[in-house]
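Chemist: following is a predicted model, sequence given first.
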Amino acid sequence: MRVLFIKQDPSYAEPLGLMQLSAALKAAGHETKLIFAYQPDLLAKVQAYRPGVIAYSSTTGVHRTYAAINRWLKRCAGFPFFAAFGGPHVTYFPEFLEQNPEVDGICRGEGDEALPELVANLAAAKTAGVPVAMTRKEDLDALAAEFAGADLLLDALLGVSSVGKPTGPVHRVIQLMNKSARPIVAVDIPSGLSPDTGHHSGVFIIAKLTLTLGFAKSGLMAAHAQKNTGVIRVLPIGYPQALIDEARR
């Protein structure tokens, strides 16, 4: 997949952060390009390259400029792309995502692993013909119609590291998925269940099938969790056989 980095302008210092991200993406088999923002043919260059992802790394202050450029490109580019923002500003002010509807995702902290993983997932979805649509909290109820038209739903909302009761948009999506009357397949563990105990705090996915990764989590094996996990299948993810044998003892 093509990833385009947009930087405000050339400066006295090399953009080492962007260079590191570019190297990580190229090592993963993707193509990258850097374009400076202040040039009269910016739009033509973006349209000619036609990236799947446009990425910005911003400090506070410059974030306004990049947000404006991104809004303009979303309106004028003439093709869809995923707009990803990283850097110090969004790391310390993640509300930037909600304040800018044209931004599709942010990376808080280091991105040399997160960005290649994002691009790999977007590329895999494109290859499989699976559209990726961004939904904001004010549009969540519109998902009910999408769920009603599906044959099954895939729950990948929360992982095993999630702690506490699901809140905000995730809370609402869990409610809509359960109310849809469509069969739900949970990835690793139904969102809202504790991987250690199988208990929940009142908001959780009720799955027909749980595809747990690597090993079955102890919480999935609890009798009280069975009505929420459905059938459990363990999917191998490359653990060494010696580790698997040790766990089975």
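Modeler: Done, it's in. Keep in mind that what you see is a predicted model, and the values were worked out from it rather than measured.
Chemist: for Arg248, the count of nearby residues, please.
Modeler: Under the neighbour criterion other C-beta atoms under 10 Å, Arg248 is assigned a count of 7. Just so you know, the C-beta spots here come from the backbone N, C-alpha and C atoms, and that holds for glycine as well.
Chemist: residue ranges of each domain in the chain, please.
Modeler: 2-128, 137-248 (automatic domain parsing).
Chemist: save those as CSV, and put in mean pLDDT too.
Modeler: CSV is the format used below for these (pLDDT from 0 to 100):
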stretch, mean pLDDT
domain 2-128, 92
domain 137-248, 90
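Chemist: now what about the helix or strand encompassing Ala48, what contacts it?
Modeler: Using DSSP states H and E, Ala48 sits within helix 42-49. Contacts with helix 42-49, where a contact means C-beta atoms under 8 Å, 6 or more residues apart in numbering, come from 2, 4, 33, 35, 39, 54, 73, 76-79.
Chemist: give me the buried entries from those.
Modeler: With burial judged by 16 or more other C-beta atoms under 10 Å, the buried subset of the contacts of helix 42-49 is 2, 4, 35, 54, 73.
Chemist: what's the neighbour count on the closest residue to the first one other than its chain neighbours?
Modeler: Leaving out its chain neighbours, the residue that sits closest to Arg2 by C-beta to C-beta, 6 or more residues apart in numbering is Pro51, at 4.2 Å. Neighbourhood size, Pro51 [other C-beta under 10 Å]: 22.
Chemist: so who does Pro51 touch?
Modeler: Neighbours of Pro51 in contact, by C-beta under 8 Å, 6+ apart: 1-4, 33, 81.
Chemist: state the number of residues packed around the closest residue to Val187 other than its chain neighbours.
Modeler: Nearest residue to Val187 in three dimensions, chain neighbours excluded: Ala156, at 4.4 Å (C-beta to C-beta, 6+ apart). Residues contacting Ala156 under the criterion other C-beta under 10 Å number 10.
Chemist: return the residues in contact with Ala123.
Modeler: Taking C-beta under 8 Å, 6+ apart as the test, what Ala123 contacts is 1, 30, 52.
Chemist: next step: the residues you listed restricted to helices.
Modeler: Residues of these located in helices (DSSP state H): none.
Chemist: just the buried members of these?
Modeler: 1, 30, 52.
Chemist: what residue lies at the spatial centre of the protein?
Modeler: Leu118 (6.4 Å; C-alpha atoms, centre = their mean).
Chemist: shouldn't it be within a strand?
Modeler: No: assignment of Leu118 by DSSP: H, G, I helix; E, B strand; the rest coil gives helix, placing it outside any strand.
Chemist: re the thing from before, which one of the contacts of Ala123 is nearest to Glu14?
Modeler: His30 (20.9 Å; C-beta to C-beta).
Chemist: element containing Tyr56, please.
Modeler: Counting by DSSP H and E, Tyr56 is part of strand 53-57.
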